[in-house]
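Participant: only geometry, no sequence info:
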């Protein structure tokens with residue numbers, strides 16, 4: 001219904017266009033804004049529509065008064081509202097008398113432009129209205145009229161933007177607007193050894209890497225709190241513009257489904273590219289088998305990680321999008337979308353999207369952190385990567401490959417020492433791996449890794465669905481029909497031109513390994529709207545998870561990320577999903 005309304009609005013207001021200047025003005029700003037406390041009582045009805053990735057249209061109807069006290073109604077649209085904007089600009093046309101609800105809306109679209117309307121958004125509940133007549137139009141001028149949102153709200157009232165921006169805080173640089181052209185922006189850079197809060201009333205611009213805590217990880221106890229709806233962008237003016245939470249420090253990034261926290265490029269979404277933002281790196285003090293003394297060095301000069309506390313907490317990442325990130329300095333030194341470096345089981349990662357990253361989407365460097373409700377889109381290397389003895393869980397995830405990419409999973413224990421302890425032993429459940437002919441392998445398990453995979457769907461990968469490499473990966477897992485539980489694949493559906501990559505000379509065949517386990521199938525899989533299961537698909541029931549092996553996970557009986565399109569958990573907070 002909303003889409004039909006939007007098309008009607010655009011059609012009726014054809015030719016009414018505007019431009020936006022640099023809050024994320026989206027659907028939650030829809031409502032009625034009225035001037036109060038004065039004699040004019042002007043007002044604006046604002047309806048916001050999502051029309052593309054990080055792109056919104058604003059439909060504005062409003063009223064003011066002429067010199068004789070007659071009410072005048074106008075209408076206009078701005079189809080270029082993007083995150084970071086604080087203004088809606090419309091070229092307004094006047095209605096042919098009366099209010100716009102008496103059949104005069106089409107007539108308004110045929111009328112000449114009479115005014116330029118500037119609506120500056122201050123919070124979800126307040127705005128400032130300016131009206132400038134165009135040419136010699138007899139239309140009243142309005143300057144800095146204060147508007148407050150009234151009782152009429154179009155849709156749920158879910159306002160995350162409550163505070164009006166006044167100035168950049170002392171820990172930041174207030175010259176960002178002059179440098180970037182983004183209104184209400186503040187520059188952050190360097191190392192923070194105190195607690196800081198990144199608020200959603202400004203755009204935070206990184207100038208170089210930002211460290212929460214010192215890179216050595218010694219003596220850190222401070223934290224960064226990030227409000228729902230906050231946007232943090234890389235300036236593009238300095239190298240390695242990553243957001244790094246050092247060992248001992250914490251991040252509390254608690255977004256909301258209607259107001260996710262976004263790390264991104266400073267460039268508009270239509271122009272942004274992978275590598276514009278360095279990524280998010282979180283270091284912890286849990287075990288990593290590459291550095292039993294806790295002295296691992298993170299990629300991209302991100303500092304030290306590792307320790308002996310499997311329950312360590314580095315904070316929370318909830319309803320967060322990380323996009324257009326990554327950096328590659330050489331084949332051994334690359335920045336991922338989200339790097340979890342020996343973070344512990346006390347670290348919460350839920351409702352995370354990584355989009356268009358030059359290196360891996362999410363990489364686990366040891367540690368015991370689990371993640372759920374994860375979306376990985378258009379990743380140019382591996383979507384999910386683990387090494388150094390990761391022992392967490394990943395459940396409910398969507399992996400959708402783009403035109404460039406490697407593997408859905410690239411899994412290692414340790415490439416430099418396949419038998420190192422603790423051995424990688426994650427549990428991976430309810431993931432839809434959706435590949436294409438241009439990307440590599442759906443699930444590549446190698447370098448001695450253990451893993452328990454269940455209730456997954458792997459489809460469309462160009463090189464194949466399932467591959468197991470290295471003798472250590474095979475031999476420490478047992479044999480088909482006599483597996484010891486270290487490496488298992490159950491209740492899984494494969495649909496690739498080549499389902500099993502058989503290299504020959506290996507301890508056992510991969511197809512034999514797959515078919516010897518319960519619930520596994522090779523099927524022709526069809527996705528509705530690019531990602532959702534076809535109603536009635538055989539894998540939507542009967543895939544009973546082993547309650548002993550998968551204790552603590554959601555014990556569902558379907559394979560893949562979704563039980564149906566109606567159960568879409570990505571709605572509202574994600575973007576860029578190709579459906």
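Facilitator: That came through, no problem. For clarity, every value in this text was computed on a predicted model and none was experimentally measured.
Participant: In contact with the residue nearest to residue 211 when sequence neighbours are not counted, which residues are there?
Facilitator: Spatial nearest neighbour of residue 211, chain neighbours left out: residue 191 (4.2 Å); criterion: C-beta to C-beta, 6 or more residues apart in numbering. Using the backbone N, CA and C atoms, a C-beta is placed for each residue, glycine as well. Residues near residue 191 by C-beta atoms under 8 Å, 6 or more residues apart in numbering: 211, 213, 214, 215.
Participant: neighbours of the last one, just the number please.
Facilitator: Residue 215 is surrounded by 19 other residues when neighbours are defined as other C-beta atoms under 10 Å.
Participant: And stretch 385-400, how far out from the chain middle?
Facilitator: Put simply, stretch 385-400 sits 17 Å off its chain's centre (C-alpha atoms, centre = their mean, to the nearest Å).
Participant: And it, end to end?
Facilitator: The first residue of stretch 385-400 is 15 Å away from its last residue (C-alpha to C-alpha, to the nearest Å).
Participant: repeat for stretch 137-145
Facilitator: Terminal residues of stretch 137-145 are spaced 20 Å apart (C-alpha to C-alpha).
Participant: contacts for that stretch?
Facilitator: 35, 38, 40, 42, 64-67, 72, 74, 94, 112-115, 128-133.
Participant: how about the helices of this protein, start to end?
Facilitator: 2-12, 105-110, 176-180, 471-475, 510-515 (DSSP state H).
Participant: nearest spatial neighbour of residue 218, skipping sequence neighbours?
Facilitator: Spatial nearest neighbour of residue 218, chain neighbours left out: residue 248 (7.5 Å); criterion: C-beta to C-beta, 6+ apart.
Participant: again, but for residue 37
Facilitator: Using C-beta to C-beta, 6+ apart, the closest residue to residue 37 is residue 146 (7.7 Å).
Participant: Show me the protein divided up by domain.
Facilitator: According to automatic domain parsing, the chain comprises the domains 2-149, 193-567.
Participant: Report the distance from the longest one to the chain centre.
Facilitator: With C-alpha atoms, centre = their mean as the basis, domain 193-567 stands 14 Å off its chain's centre.
Participant: Any idea how far apart the tips of it sit?
Facilitator: Start-to-end, domain 193-567 (C-alpha to C-alpha) is 42 Å.
Participant: Could you check how far residue 340 is from residue 46?
Facilitator: As for residue 340, its distance to residue 46 is 40 Å (criterion: C-beta to C-beta, to the nearest Å).
Participant: where are the low-confidence patches of the stretch 451-579 of the chain?
Facilitator: Counting by pLDDT under 70, the stretch 451-579 of the chain contains no low-confidence segment.
Participant: for the residue nearest the centre of the chain, what are its contacts?
Facilitator: Centroid-nearest residue in the chain: residue 321, 2.1 Å away (criterion: C-alpha atoms, centre = their mean). By C-beta under 8 Å, 6+ apart, the contact list for residue 321 reads 260, 261, 262, 263, 264, 352, 353, 354, 355, 573, 574, 575.
Participant: Nearest to residue 363 among those residues?
Facilitator: Nearest to residue 363 among the contacts of residue 321 is residue 354, at 10.3 Å by C-beta to C-beta.
Participant: Run through the bridge partners of residue 113.
Facilitator: residue 93 (DSSP bridges).
Participant: Please tell me I have it right and it contacts residue 94.
Facilitator: No - Residue 113 is not in contact with residue 94 according to C-beta atoms under 8 Å; the separation is 9.1 Å.
Participant: Check the burial of the closest residue to residue 131 other than its chain neighbours by counting its neighbours.
Facilitator: Leaving out its chain neighbours, the residue that sits closest to residue 131 by C-beta to C-beta, 6+ apart is residue 142, at 3.9 Å. A count of neighbours around residue 142, defined by other C-beta under 10 Å, yields 21.
Participant: how much space between residue 142 and residue 117?
Facilitator: As judged by C-beta to C-beta, residue 142 and residue 117 stand 9 Å apart.
Participant: if we can go back for a sec, ok, now which ones touch the residue nearest to residue 37?
Facilitator: With contact set as C-beta under 8 Å, 6+ apart, residue 146 has these partners: 35, 37, 126, 128.
Participant: Most neighbours out of the residues you listed, which is it?
Facilitator: For the contacts of residue 146, neighbours tallied by other C-beta under 10 Å; top is residue 35, 19 neighbours.
Participant: how much space between that residue and residue 459?
Facilitator: 56 Å.
Participant: Kindly report the same for residue 521.
Facilitator: Distance of residue 521 to residue 459, given as C-beta to C-beta: 12 Å.
Participant: now residue 123
Facilitator: 45 Å.
Participant: Mind checking which of those two has more residues around it?
Facilitator: residue 459 (23 against 19).
Participant: mind listing what the more buried one touches?
Facilitator: So residue 459 contacts 432, 433, 434, 435, 442, 465, 493, 494, 495, 496, 525, 527 (C-beta under 8 Å, 6+ apart).
Participant: do residue 540 as well
Facilitator: Counting by C-beta under 8 Å, 6+ apart, residue 540 touches 533, 558, 559, 563, 564.
Participant: Let me know whether the fourth one touches residue 556 as I believe.
Facilitator: Yes - Residue 563 is within contact range of residue 556, at 7.1 Å (criterion: C-beta under 8 Å).
Participant: neighbours around residue 252, how many?
Facilitator: Considering only other C-beta under 10 Å, residue 252 is surrounded by 16 other residues.
Participant: Distance of the nearest residue in space to it that is not next to it in sequence relative to residue 185?
Facilitator: Using C-beta to C-beta, 6+ apart and skipping the chain neighbours, the partner closest in space to residue 252 is residue 225 (4.6 Å). With distances taken as C-beta to C-beta, residue 225 is found 19 Å from residue 185.
Participant: if you count what's nearby, which of these two comes out ahead?
Facilitator: Shown here are residue 225 and residue 185; by other C-beta under 10 Å, residue 185 has more neighbours (28 against 17).
Participant: Quickly note the distance from the more buried one to residue 87.
Facilitator: From residue 185 to residue 87 the distance is 14 Å (C-beta to C-beta).
Participant: Over to residue 196?
Facilitator: Using C-beta to C-beta, we find residue 196 at a distance of 28 Å from residue 87.
Participant: quick one, which of the two is more surrounded?
Facilitator: residue 87 (21 against 18).
Participant: That one reaches residue 183, doesn't it?
Facilitator: Yes - using C-beta under 8 Å, residue 87 makes contact with residue 183 at a distance of 7.5 Å.
Participant: residue ranges for the strands of the stretch 151-300 of the chain, please.
Facilitator: Assigned by DSSP state E, counting those that start in this stretch, the strands in the stretch 151-300 of the chain fall at 185-192, 196-198, 203-212, 223-226, 231-234, 242-245, 250-254, 261-265, 279-283, 296-297.
Participant: Now the fourth one: average pLDDT?
Facilitator: Spelled out, that is strand 223-226. The pLDDT scores in strand 223-226 average 98.
Participant: Parallel or antiparallel, list what pairs with it.
Facilitator: With DSSP bridges as the test, strand 223-226 pairs up with strand 196-198 (parallel), strand 250-254 (parallel).
Participant: and residue 149, bridged to which residues?
Facilitator: Bridge pairing for residue 149 - DSSP bridges - gives residue 33.
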